[in-house]
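Colleague: need coordinates for the following:
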Amino acid sequence: MDKNTITGIVLILLIFVGFSVYNSSRMNKEYESAVKVAQEREAKGELENARAEYINALRFKPNQPEALAKISELNSRLGMSNEAAKKDSTGVQTQAGAEAASRAIARSDSNRYGVFSKSAIGENDFITLENNKVELKISLKGGRVYSALLKEFKTFDSHPLILFSGDSTVFGFNFFTADNKAIETNNLFFKPVSDQKSYNASKSSQSVVLRLMAGEGKYIEYTYTLAPGKFMVDFNVNFKSMEGIVASNQNNLTLEWKMYMPQQEKGRQNEENYSTIKYKYFQDDVDGLPLRSSKEVAKADITTKLSWVAFQDQFFSSVVVTNDYFLNGSVTSTRTLTSRKYIRYYTTEIGVPFNPGSSNALKMKLYYGPNNISILKKEGLELEKIVNLGKNIIGWINRFAIIPIFHWLEKYISSYGIIILILTIIIKLVLFPFTFKSYQSTAKMQVLKPMVDELGKKYPKQEDALKKQQATMDLYKRAGVNPMGGCLPMLLQMPILFAMFRFFPVSIELRQQHFLWATDLSAYDSILTLPFMIPAYGNHVSLFTLLMTASQLLTMKMTGSTTGSDQPGMKLMMYMMPVMFMVVLNNFSSGLTYYYFLANMITYVQNIISKRLIDQKAVLATLEANKKKAVPKSKWQQRLEAAAKQRGISAPKK
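Modeller: Residues are numbered from 1 along each chain as shown. Here you go, the predicted structure:
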């Protein structure tokens, strides 16, 4: 091995050792952070939450004795038997364990909930509300939606697609009573108005009504209404005869919502990159936590009014919408979880306006469905902006050009691979005038290259670099060649390239669509699974990514031969870039890499056509003729010369 090879191997080993040390240090910090949060929760008396945080800490240091001991201690304090304290494979507390803990807490302090004490103990049951799109399981404990199943979709491994499910989900109002009792409706048991256990809204709207009793004729009423063919659920909350029960100075309630979001897609990395929390400012724009954030816990405190908050997955979302406005809010998104089953742990606390009178009605909506732009747009309030299509010009290109063409092609073509092919051809035809102009400029530069080389021989010294540059620019000017002429048309195409980069990974239309060897155009394609993991690249080989890389190298080789570039550093960079893209895009949507492959091949064909259309001898003759012509002076140069002449005439004679 030569010196360079040995140096490269040593550098790679150093990188791996450094990464291992960094990763170990990060795990220690994350473990200590989770334990600190658990201790804070325990100090506040939030035993269930503390227990969950200790379980989360085990994600970073499995089988840590201190954490295991604390979990065992908290199990005892919560009154959980060994059987009830068992966990399922996800690490989330089981239904039996949660109910046992709730009963233990209620028995230990019968006055904890004041007038709501009778609702602290109960047997949980479920009511089903469904239509042809969605099936909701509503829990009597908390009166919340316990799970949401989307009937038209499946997970990547062909299981029913459930947006969320389990007692780990929290959804309820927090407030204080007149006798200073802290009430969390999520932990109390509601009573159904009807004995009916199942409601089907496939043909007509159906409503489920639940009440949290606070005395005779006094209650908090939840009403869930689902219409046929809808993913949106009307959610109305009515506070009946609650004067004297809710604290008189309580002018707002806290809506607490927490949810574990399970993995739904094959490409976990891609799904993580496009999962976040979005929210819309009241009568203003949509914002959210940043995508692809490297932070383990991302947070945002929102001090202004809001219209909705969305827990977003790559292709599906759960959204709470108000018919009026929320006062404020705070959101958090946690990446590293105890179980690999989940992508994110989302939490939010939202301020809800409240008038402590005899009756209050809060009108809201809950959306459990796909991130489909057409469906979301019909619901209003700019919900379609949940789908991240980019900002400014990139977003405009997607919304007003790419998506309309894509949906128009959908009407006539069933294969999405063919749709992408035709879409690519349309885009390249629209851009061909710019591509041709770029190639024209490149051809002219190639003709001038021998003359530029002669100038290099004329000014070989380093101190003559400025003279050489001035002479070169003068040559270009006399020949009528703009050295930037080949770059500007390419720059005009960049927004479209970025727009497609945004479009493909979030297009639910491509989800689980087969084409050739790709089983899902929204996820990576794989022709070979590796027995090991390569950092950044993954443990599989994507054929579309390889084809994209090969086509990019082919196109670059043609461009390099056309421009006559012979600088070793430039050549190395030219060939390194496609390899870097290959590593980065190996885990991305196969629809995206398929599009880039097609775009590169069409560009290659266009360059061949352009080369045949351009007569280099005619170009050289034109350039020679231009060189002989006098270069016209610009108006600015004419004014400068006139001013100098005027100063010379009026100057006094010596």
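Colleague: tell me which helix or strand of the chain sits lowest on mean pLDDT?
Modeller: Ranking every helix and strand in the chain by mean pLDDT, DSSP states H and E puts helix 95-108 at the bottom, with a mean of 49.
Colleague: looking at this structure, which helix is longest?
Modeller: helix 416-458 (DSSP state H).
Colleague: run the chain-centre distance for it.
Modeller: 34 Å (C-alpha atoms, centre = their mean, to the nearest Å).
Colleague: check which helices and strands that helix sits against.
Modeller: On a contact count with 3 or more C-beta pairs under 8 Å, 6 or more residues apart in numbering; DSSP states H and E, helix 416-458 meets helix 403-410, helix 465-479, helix 487-506, helix 543-563, helix 590-613, helix 616-628. Placement of C-beta: from N, CA and C, glycine included.
Colleague: so for V352, which of those helices sits nearest?
Modeller: Minimum separation from V352 across the helices and strands packed on helix 416-458 (C-beta to C-beta) falls at helix 487-506, 30.5 Å.
Colleague: nearest the geometric middle of this structure, what residue?
Modeller: Y274 (2.3 Å; C-alpha atoms, centre = their mean).
Colleague: that residue against F316, yeah?
Modeller: No: with contact taken as C-beta atoms under 8 Å, Y274 and F316 are classed as non-touching, separated by 10.9 Å.
Colleague: before we move on, the earlier item: and the longest helix of the chain with helix 487-506, angle?
Modeller: Interaxial angle, helix 416-458 versus helix 487-506 (axes from the mean of the first three to the mean of the last three C-alpha atoms, to 10 degrees): 150 degrees.
Colleague: mean confidence for helix 416-458?
Modeller: Helix 416-458 shows a mean pLDDT of 81.
Colleague: now do it against helix 403-410: the angle between them, please.
Modeller: Using the same axes, to 10 degrees: helix 416-458 against helix 403-410 is 130 degrees.
Colleague: next, the angle from helix 416-458 to helix 543-563.
Modeller: 30 degrees.
Colleague: number of residues surrounding the residue nearest to Q493 when sequence neighbours are not counted?
Modeller: Counting by C-beta to C-beta, 6 or more residues apart in numbering, Q493 lies nearest to L431, which is 5.5 Å off, once chain neighbours are set aside. Other residues near L431 come to 20 when the count uses other C-beta atoms under 10 Å.
Colleague: what about L431, distance to L620?
Modeller: 28 Å (C-beta to C-beta, to the nearest Å).
Colleague: just the pLDDT at I614, thanks.
Modeller: At I614, pLDDT is 67.
Colleague: Y476 now?
Modeller: For Y476, the predicted pLDDT is 73.
Colleague: doesn't L448 make contact with it?
Modeller: Yes: checked against C-beta under 8 Å, the pair Y476 and L448 is within contact range at 7.2 Å.
Colleague: pretty sure Y199 contacts F126?
Modeller: No: with contacts counted by C-beta under 8 Å, Y199 stays clear of F126, the gap being 11.9 Å.
Colleague: what about those two, which has more around it?
Modeller: Comparing Y199 with F126 by other C-beta under 10 Å, the one with more neighbours is Y199, at 20 against 14.
Colleague: and stretch 249-262, how far out from the chain's middle?
Modeller: For stretch 249-262, the distance to the chain centre is 23 Å (C-alpha atoms, centre = their mean).
Colleague: just stretch 140-147 next, same as before
Modeller: 28 Å.
Colleague: measure that stretch end to end?
Modeller: 13 Å (C-alpha to C-alpha, to the nearest Å).
Colleague: got a list of contacts for it?
Modeller: 99, 102, 122, 124-127, 136-139, 162-167, 169-172, 185-192, 210, 212, 222, 224, 233, 366, 368 (C-beta atoms under 8 Å, 6 or more residues apart in numbering).
Colleague: ok, now stretch 193-205?
Modeller: 125-132, 206-211, 225-228.
Colleague: ok, 6 Å please
Modeller: 127-132, 206, 208-209, 225-228 (C-beta atoms under 6 Å, 6 or more residues apart in numbering).
Colleague: tell me the domain boundaries of the protein?
Modeller: Per the record, the chain has its domains at 3-77, 109-388, 396-628, by automatic domain parsing.
Colleague: avg pLDDT for the second one?
Modeller: Taken as a whole, domain 109-388 has an average pLDDT of 89.
Colleague: restricting to C-alpha, output stretch 431-439 in CSV.
Modeller: The C-alpha trace of stretch 431-439 is given here as CSV (Å, rounded to 0.1, in the frame of the first residue of the first chain):
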residue,chain,number,x,y,z
LEU,A,431,-36.5,24.0,-19.6
PHE,A,432,-34.9,23.0,-22.9
PRO,A,433,-34.5,26.6,-24.1
PHE,A,434,-32.4,27.4,-21.0
THR,A,435,-30.4,24.2,-21.4
PHE,A,436,-29.7,24.9,-25.1
LYS,A,437,-28.6,28.5,-24.3
SER,A,438,-26.3,27.1,-21.6
TYR,A,439,-24.8,24.6,-24.1
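Colleague: please enumerate residues in contact with stretch 290-302?
Modeller: The contact list for stretch 290-302, computed with C-beta under 6 Å, 6+ apart, reads 273, 276, 289, 328-336.
Colleague: filter these down to the buried ones, ChimeraX style.
Modeller: In ChimeraX syntax, the buried subset of these is picked out as below (16 or more other C-beta atoms under 10 Å):
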select :273,276,289,328,329,331,332,333,334,335
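Colleague: helices or strands next to the host helix or strand of K280 in the packing?
Modeller: In the assignment (DSSP states H and E), K280 maps to strand 276-281. Strand 276-281 sits against strand 286-288, strand 306-312, with contacts defined as 3 or more C-beta pairs under 6 Å, 6 or more residues apart in numbering; DSSP states H and E.
Colleague: tabulate those (a markdown table), appending mean neighbour count and distance to E42.
Modeller: Shown next, in a markdown table, are the helices and strands packed on strand 276-281 (neighbours: other C-beta atoms under 10 Å; distance: least, C-beta to C-beta, whole Å):
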| stretch | mean neighbour count | distance to E42 |
| --- | --- | --- |
| strand 286-288 | 17 | 32 |
| strand 306-312 | 25 | 27 |
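Colleague: and those: which comes nearest A178?
Modeller: strand 306-312 (28.4 Å).
Colleague: re earlier: verify the stated contact: the residue nearest to the centre of the chain with F315.
Modeller: No: between Y274 and F315 there is no contact under C-beta atoms under 6 Å: 8.3 Å.
Colleague: stretch 379-396: which residues count as buried?
Modeller: Neighbour-count burial for stretch 379-396 [16+ other C-beta under 10 Å]: 379, 381, 383-390, 394.
Colleague: which one of those is nearest to F176?
Modeller: Checking the buried residues of stretch 379-396 one by one against F176 (C-beta to C-beta), the nearest turns out to be L381, at 30.9 Å.
Colleague: got the phi/psi numbers for that closest one?
Modeller: phi 60, psi 30 (degrees, to the nearest 10).
Colleague: identify the contacts common to Y274 and F315.
Modeller: Common neighbours of Y274 and F315 (C-beta under 6 Å, 6+ apart) do not exist.
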